[in-house]
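1. next come a sequence and a model predicted from it.
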Amino acid sequence: MKIIVCIKQVPDTNEVKLDPVTGTLIREGVPSIINPDDKAGLEAALALKDQYGAHVTIVSMGPPQADLALREALAMGADEAILVTDRAFGGADTWATSSTIASAIENLEYDLIITGRQAIDGDTAQVGPQIAEHLGLPNISYAEDLKIEGDSVVVKRQYEDRYHIVKCKMPCLITALSEMNQPRYMTPGGIFDAYREKEVKVWTRPDLKVDDSNIGLKGSPTRVFKSFTKPVKGKGTVVTLDPQESANWLVDRLHEKFIL
Amino acid sequence: MAVSDYKGVFIFAQQVDNKITGVSYELIGKGKALAADLGTEVTAVLLGHQVGDLTKKLAKYGADRVIVVDDPALETYMTEPYAYAMTEVIKAHKPEVVLYGATAIGRDMAPRVSARVHTGLTADCTGLEIDPETKNLQMTRPAFGGNIMATILCPEHRPQMATVRPGVMQRISPIEGAECKVENFELKDIAAHKNVEIVEVIKKVSEKMDIQDAKVLVSGGRGVGCPENFKMLEELAEALGGTISSSRACVDAGWVEKDRQVGQTGKTVRPNLYIACGISGAIQHLAGMEESDIIIAINKDPAAPIFEVADYGVVGDVCKILPLFTEEVKKARASKNA
C-alpha cells in the first residue's frame, strides 16, 4: 500500500505573542512545529505501515526551512519526503495551495492520502477537501479513527453530536483530527537516517504540471484586504477580598445587572 | 459572465435528522442585512429528504425564498451528494454571496464546492460587511489562533463564499405565520454521486444543555484543579439556570467532554453571563467568549489575561469562593421567590 501524508510546518500559535506597543505579531523565537492534526495523520500512516507494511511519502508545501519538518517526519519513520517550494507558489490561498499540492501528488502513486483537518495558523480546514476535489477523489473529513478493510478504509467521522462510521473504497483522501492518536517520538536511529540515509526531494515550479493561473497569489481567488488586532475591551473592576466577601461582592454585581 | 451578473444572497440551510441546525437561522439573519445593502433577497438552500415542512421555519426566521432539493440520497449527510446538489443550485442560480455554517458539515462541503465552481472561500468568519462603494463582501476572520483578525475579499470570482462561526451572527426575532416562495430544484440521479457508504450512525448522548444555547455559562479551566471540582461549577450553573463549559486544557485532560469546550478550536458562545473559573484566558479561549454580555472571572493569578476582558474580577481561590457564591445566589433566589 502506498500512502501520501501532507504536512505543514506552522508556528506554534500557543507561543505567539503580540507586541503590546505595536499590536503586531512577534514571530521571532516562536518554535516551528509539524501541525498537530497533520502529525496525527502521519502517525496513522506509520501505524498502518507497522501493521500491513506500507510505503509512506510525505509532501509539504512551504519555504525551504520546512525541510526541518520533513526531516522530523522521516525520523519518525516515513520512507520518502518531498518539499514543494518555489517563489511562484508564494501568497497562495487555500484554492491555489490545494491545486499546487494536488499537482505534486499527481506525480506520485498512492492508494490513500492523509492530511490534517486544519492547520493551527489558518484554521480553515479547506486544503484537504480541496485537494480531493482537484484530484477527483472521495474525501472523509474529521477522522477520529481509521482502519483498512480489504480495498477500503473505514473511518470514524466526527460531527458535533455524533459519529458516522464511513466506508470508502481507495483511493481516497482522509483528514485527520489530532484526537486520533498520540504521535510517536523520533528515534535516535531514525534521526540519523533522516539526515544521513534519507533525502528530502525538492520540487520546484518546473516539476509540476499545474497551470500558472492556478498557483501562487495570481491563482488565488481571495485577497487579504487588511489585518488588525482586535480592539481591546475596556478593563472592568478587579477586587481581592476574602472568600465570603468575594461571594457577597459578586452577588451584589449580579443584583446590579438584574441577573438576580 | 461578468461578476455583476451574479445576484442574490444564498445561505446553506443545514438540517440533520430533519431539524434545522441553529446556525442556519443566524445565516439568514446576517444574509438579510447583506441582502438589504445589496438591494436583493436572501434565499435558503435546503438539501435533504422529506424536508418540506422545514421551509416554514426558514420563512419565520426571514428567508425570502427557499430552494429545496429533496432526494432520498440526501437524507443523511455525505460529502459528495451534498456538494453535487449545492454546486448545481449555484450553477443554475448564480448567486453573488453564499454563506455556510462553519460546522462539521459546512466545513467539509463548502471547500469542495469552492474548488468545483472555482471561487474563493473564507473560513470561520466572525464579521461580514458589504463595501458601500464596490459592493464587495468583506469577510473578517480570526487568524493565528485568534491572535489577529484578517479581512478577506474575493474580488474577481463569484459567488463570494464564506463559512460563518456558529453563535456569532444574530438571528431575527421569528415572525409567526411568515411565508416565503418555495421552489423545488429538480436534480436527476443524485444517488449515483454516492462514493462512500455509511455503515453506522452513533449519536453522542449529552443530557446537558448545548453551551451555545445557554444564557448563563459557568466555565472551568485548569485552575479548577481536578475533574471532581467541576461539581461546584455545576451547582452554581444550576442555581443560575445555566450549564457548564470549559477551556481547552480541561478537555485535553479528559475532565470534561469536547462539546463543552469554548474557544478557537471549540465553540463560540455569547451568553448573558459568563463566569470564568480558574481560566487564565489564553487568546484562543478569549476568541470564543469575549462577546458575552457580562463576564465574571475568578482566578488566583492577578496577572491572568482573563481579567483584561472581565467586567468583574475576583482574585482568589476558585474552590473556596464558588461554594460560598453558590450559597449566596441560592439565598438571593429564595428571598426573591418568597
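-> Received it, and whenever you're ready, just let me know what you need. Numbering: from 1, shown residues only, chains lettered A, B, ... in the order given.
2. tell me where the model's unsure across the chain.
-> All of this refers to chain A. Applying pLDDT under 70 to chain A picks out residues A:18, A:20-25, A:231-234.
3. hmm, no, I was thinking of chain B.
-> In chain B (pLDDT under 70), the answer is B:338.
4. and the helices in it?
-> Along chain B, the segments classed as helices by DSSP state H run B:22-38, B:54-60, B:79-93, B:106-117, B:230-239, B:248-252, B:283-289, B:306-309, B:318-337.
5. what would these look like in a markdown table with distance to residue B:6 and mean neighbour count?
-> For glycine as for every other residue, the C-beta is placed from the backbone atoms N, C-alpha and C. As requested, the helices of chain B are exported to a markdown table (distance: least, Cβ to Cβ, whole Å; neighbours: other Cβ atoms under 10 Å in any protein chain shown):
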| stretch | distance to residue B:6 | mean neighbour count |
| --- | --- | --- |
| helix B:22-38 | 11 | 22 |
| helix B:54-60 | 22 | 21 |
| helix B:79-93 | 9 | 20 |
| helix B:106-117 | 11 | 26 |
| helix B:230-239 | 47 | 19 |
| helix B:248-252 | 39 | 20 |
| helix B:283-289 | 32 | 25 |
| helix B:306-309 | 40 | 23 |
| helix B:318-337 | 53 | 17 |
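6. just send the ones you listed back as CSV, with distance to residue A:59 too.
-> Formatted as CSV, the helices of chain B follow (distance: least, Cβ to Cβ, whole Å):
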stretch, distance to residue A:59
helix B:22-38, 34
helix B:54-60, 42
helix B:79-93, 22
helix B:106-117, 18
helix B:230-239, 42
helix B:248-252, 28
helix B:283-289, 28
helix B:306-309, 40
helix B:318-337, 46
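7. can you put those helices in TSV and add distance to chain A?
-> Output for these, formatted as TSV (distance: least, Cβ to the nearest Cβ, whole Å):
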stretch	distance to chain A
helix B:22-38	10
helix B:54-60	18
helix B:79-93	6
helix B:106-117	4
helix B:230-239	10
helix B:248-252	9
helix B:283-289	8
helix B:306-309	5
helix B:318-337	4
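8. between those, which one is closest to residue A:84.
-> helix B:106-117 (18.0 Å; Cβ to Cβ).
9. what's the angle from that closest one to helix B:79-93?
-> If you take axes from the mean of the first three to the mean of the last three Cα atoms, to 10 degrees, helix B:106-117 sits at 50 degrees to helix B:79-93.
10. who touches helix B:106-117?
-> For helix B:106-117, contacts defined as Cβ atoms under 8 Å, 6 or more residues apart in numbering or on different chains pick out A:94-95, A:98-99, A:124-130, A:132-134, A:139, A:141-142, A:221, B:12, B:14, B:23, B:79-80, B:82-83, B:86-87, B:90-91, B:98, B:100, B:120-121, B:123-124, B:159, B:161, B:163.
11. quick one: buried ones out of the residues you listed?
-> Those of the contacts of helix B:106-117 that meet the buried threshold are A:94-95, A:98-99, A:124-130, A:132-134, A:139, A:141-142, A:221, B:12, B:14, B:23, B:79-80, B:82-83, B:86-87, B:90, B:98, B:100, B:120-121, B:123-124, B:159, B:161, B:163, by 16 or more other Cβ atoms under 10 Å in any protein chain shown.
12. where along the stretch 51-200 of chain A do the strands fall?
-> Using DSSP state E, counting those that start in this stretch, the strands of the stretch 51-200 of chain A run over residues A:55-61, A:80-84, A:112-116, A:139-149, A:152-158, A:162-169, A:172-176, A:200-203.
13. kindly reformat the ones you listed as TSV containing distance to chain B.
-> Below are the strands of the stretch 51-200 of chain A laid out as TSV (distance: least, Cβ to the nearest Cβ, whole Å):
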stretch	distance to chain B
strand A:55-61	16
strand A:80-84	18
strand A:112-116	11
strand A:139-149	4
strand A:152-158	6
strand A:162-169	4
strand A:172-176	8
strand A:200-203	21
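14. in CSV, list these along with distance to residue B:240.
-> What follows is those, written out as CSV (distance: least, Cβ to Cβ, whole Å):
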stretch, distance to residue B:240
strand A:55-61, 49
strand A:80-84, 53
strand A:112-116, 39
strand A:139-149, 33
strand A:152-158, 31
strand A:162-169, 29
strand A:172-176, 39
strand A:200-203, 56
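15. for residue 57, which non-adjacent residue is spatially closest?
-> You didn't pick a chain, so chain A it is. Using Cβ to Cβ, 6 or more residues apart in numbering or on different chains and skipping residues adjacent in sequence, the residue nearest residue A:57 is residue A:80, 4.3 Å away.
16. oops, chain B please
-> Leaving aside its chain neighbours, residue B:57 sits nearest to residue B:20 (5.7 Å; criterion: Cβ to Cβ, 6+ apart).
17. for residue 95, what are its contacts?
-> Went with chain A since none was named. Counting by Cβ under 8 Å, 6+ apart, residue A:95 makes contact with A:130, A:214, A:219-222, B:114-115, B:118-121.
18. ah, no, chain B please
-> By Cβ under 8 Å, 6+ apart, the residues touching residue B:95 are B:6-10, B:43, B:159.
19. go with 6 Å
-> Residue B:95 makes contacts with B:8, B:10, B:159, as judged by Cβ atoms under 6 Å, 6 or more residues apart in numbering or on different chains.
20. between those, which is nearest chain A?
-> residue B:159 (10.5 Å; Cβ to the nearest Cβ).
21. what residues are up against that closest one?
-> With contact taken as Cβ under 6 Å, 6+ apart, residue B:159 is in contact with B:95-98, B:119.
22. right, and residue B:104 touches residue A:157 too?
-> No. Contact between residue B:104 and residue A:157 fails when scored by Cβ atoms under 6 Å: they sit 8.3 Å apart.
23. that older thread, state the distance from the residue nearest to residue A:57 to residue B:80.
-> 30 Å (Cβ to Cβ, to the nearest Å).
24. before we move on, what about residue B:16?
-> Distance, residue B:16 to residue B:80, using Cβ to Cβ: 17 Å.
25. pretty sure residue B:258 sits against residue B:250.
-> No. Applying Cβ under 6 Å as the test, residue B:258 and residue B:250 come out as separate, 10.4 Å apart.
26. give me the domain ranges for chain B.
-> Here the domain assignment for chain B is B:3-192, B:216-337, based on the TED database.
27. find the centremost residue of the chain, please.
-> All of this refers to chain A. Geometric centre of chain A, nearest residue: residue A:119, 3.5 Å, by Cα atoms, centre = their mean.
28. try chain B instead
-> Nearest residue to the geometric centre of chain B (Cα atoms, centre = their mean): residue B:166, 0.8 Å.
29. ok, that one - contacts?
-> Listed by Cβ under 6 Å, 6+ apart, the contact partners of residue B:166 are B:23, B:101.
30. residues contacting residue A:162?
-> With contacts defined as Cβ under 6 Å, 6+ apart, residue A:162 is in contact with B:203-204.
31. any idea how far it lies from residue B:105?
-> According to Cβ to Cβ, residue A:162 stands 11 Å off from residue B:105.
32. so what's residue A:91 closest to, chain neighbours aside?
-> residue A:217 (3.3 Å).
33. the one you found touches residue A:93, doesn't it?
-> No. Using Cβ under 6 Å, residue A:217 is not in contact with residue A:93; the gap is 8.4 Å.
34. and the two? Which one has more around it.
-> Higher neighbour count among residue A:217 and residue A:93: residue A:93, with 24 against 13, using other Cβ atoms under 10 Å in any protein chain shown.
35. what's the spacing between the residue nearest to the more buried one when sequence neighbours are not counted and residue A:214?
-> Spatial nearest neighbour of residue A:93, excluding adjacent residues (Cβ to Cβ, 6+ apart): residue A:220 at 3.8 Å. Going from residue A:220 to residue A:214 by Cβ to Cβ gives 9 Å.
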